[in-house]
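# this is a predicted model, with the sequence first.
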Amino acid sequence: MNSPSPADLGRWSYWHGEDQLLRLGVSTCLLGEEVRFDGGHARDRYVTDTLGQWFEYVSVCPEVEMGMSIPRPAIRLIDEGQGVQLVAPSTGEDFTSRMADYAQAKVTELMKFDLDGYILKKSSPSCGLARIRVYRDGMPARRNEQGLFAAQLTERWPSLPVEEEGRLNDPGLRENFIERVFARNRWRTLVERGLTRRRLVEFHTAHKLLIRAHNETAYRRLGRLVGSAGTIGNRELFAEYELEFQVALRTKATVKKHVNVLQHAMGYLKTILTAVEKCELLATIEDYRLGLLPLVVPLTLLRYNIRRHDIEYLAGQLYFDPHPKELMLRNHA
Ligand code: SF4
């Protein structure tokens with residue numbers, strides 16, 4: 001990473017290396033392995049076939065790994081007034097403390113793998129990320145819990161991007177998740193290659209527009225943090241930045257926020273473009289705002305003008321190239 005050009009810093013492939021696979025944790029059944037309670041699987045083609053080209057998976061089936069058989073009695077979350085428990089209603093067996101012990105040890109083990117993200121199976125009392133049904137007196141009572149393994153994972157590892165496979169069908173949520181995964185990998189690679197204050201500034205500068213598309217307040221906080229580099233130690237600075245950076249990207253980028261960023265970027269070109277070119281770009285951004293065009297269209301037009309007029313600051317912004325175009329994430333967002 002010696003003296004990269006702005007254009008280098010603005011390319012996702014500069015940070016990752018063209019052939020480097022990113023590493024994701026995944027619920028085993030999503031890969032097509034027959035580990036579910038009924039001996040079946042829950043293969044998700046997007047996870048295996050599309051994302052599988054870019055990610056290597058560390059697969060985890062909490063129920064099997066903590067010693068349950070295949071097949072096995074179905075388990076569910078219940079709350080009879082003594083807190084949430086994980087039980088098999090058909091046998092009455094209580095798996096709460098076994099799962100808690102297993103999850104504690106497994107999350108500690110996973111943290112050593114330096115994952116870039118995690119895809120969990122939805123609706124599972126073990127793996128589900130949110131809205132898991134809780135029963136009382138044998139009846140569904142509420143739907144506001146996490147699976148017990150997912151709860152440990154997210155509580156102990158708040159900077160890890162985590163999503164459910166079902167939510168990856170939503171183009172906006174999908175783009176948000178994958179963008180965070182690539183951003184986390186960039187951070188991890190930076191740390192592995194040797195993080196210094198100068199490189200932190202490089203990293204932050206390259207991510208400015210990307211962060212702004214998610215969370216303007218966090219963008220300002222991160223700017224102050226990088227600016228305060230002389231007043232706090234490196235260790236504290238880097239740890240705070242990492243957490244704050246991931247928290248910033250966790251906020252979903254909306255159409256409105258993208259429009260603001262696109263217009264901001266256009267400001268760098270306003271004295272260069274002809275009146276006709278400006279109109280064309282503005283019309284494209286407006287069509288995106290109205291939902292008539294996907295995000296990739298104004299981005300492509302802007303990128304073309306950035307290259308044509310050699311706008312150094314914008315050429316160095318990962319906002320325009322945060323992940324492989326083959327994933328086509330912005331063709332639908
Ligand atoms: S949802 Fe989780 S615990 Fe259930 S089969 Fe899939 S990986 Fe195993």
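Sure, I can see it.
# show me where the protein has its strands.
Counting by DSSP state E, the chain has strands at residues 22-27, 55-60, 76-79, 84-88, 93-94, 117-120, 132-136, 139-145, 162-164.
# list the buried residues in the last one.
By that I understand strand 162-164. Using 16 or more other Cβ atoms under 10 Å as the test for burial, strand 162-164 gives 162-164. Backbone N, C-alpha and C define where each C-beta goes, glycine included.
# show me the shaky parts of the stretch 151-300 of the chain.
For the stretch 151-300 of the chain, the stretches flagged by pLDDT under 70 are 229.
# now with 80?
Along the stretch 151-300 of the chain, the model assigns pLDDT under 80 to residues 229-230.
# CA atoms only: put stretch 110-130 into CSV for me.
The C-alpha trace of stretch 110-130 is given here as CSV (Å, rounded to 0.1, in the frame of the first residue of the first chain):
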residue,chain,number,x,y,z
LEU,A,110,-15.5,-17.4,15.7
MET,A,111,-14.0,-14.0,16.8
LYS,A,112,-10.6,-15.6,16.1
PHE,A,113,-11.7,-16.2,12.4
ASP,A,114,-12.0,-12.5,11.8
LEU,A,115,-15.2,-12.8,9.9
ASP,A,116,-16.4,-10.0,7.6
GLY,A,117,-20.1,-10.7,8.2
TYR,A,118,-22.7,-13.4,9.1
ILE,A,119,-25.8,-14.7,7.4
LEU,A,120,-28.3,-16.2,9.7
LYS,A,121,-31.4,-18.4,9.0
LYS,A,122,-34.6,-16.5,9.6
SER,A,123,-37.3,-17.6,12.0
SER,A,124,-35.1,-20.1,13.9
PRO,A,125,-35.2,-20.1,17.7
SER,A,126,-31.4,-20.6,17.6
CYS,A,127,-30.2,-18.6,14.5
GLY,A,128,-33.0,-16.1,13.9
LEU,A,129,-31.9,-12.5,14.0
ALA,A,130,-35.2,-10.9,14.9
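# so how far is it from its chain's centroid?
Centre-to-centre, stretch 110-130 and its host chain are 12 Å apart (Cα atoms, centre = their mean, to the nearest Å).
# now check that stretch, is it near the ligand?
Yes: for stretch 110-130, a contact with the ligand is found by Cβ under 6 Å from any ligand atom, at 121, 124, 126-127.
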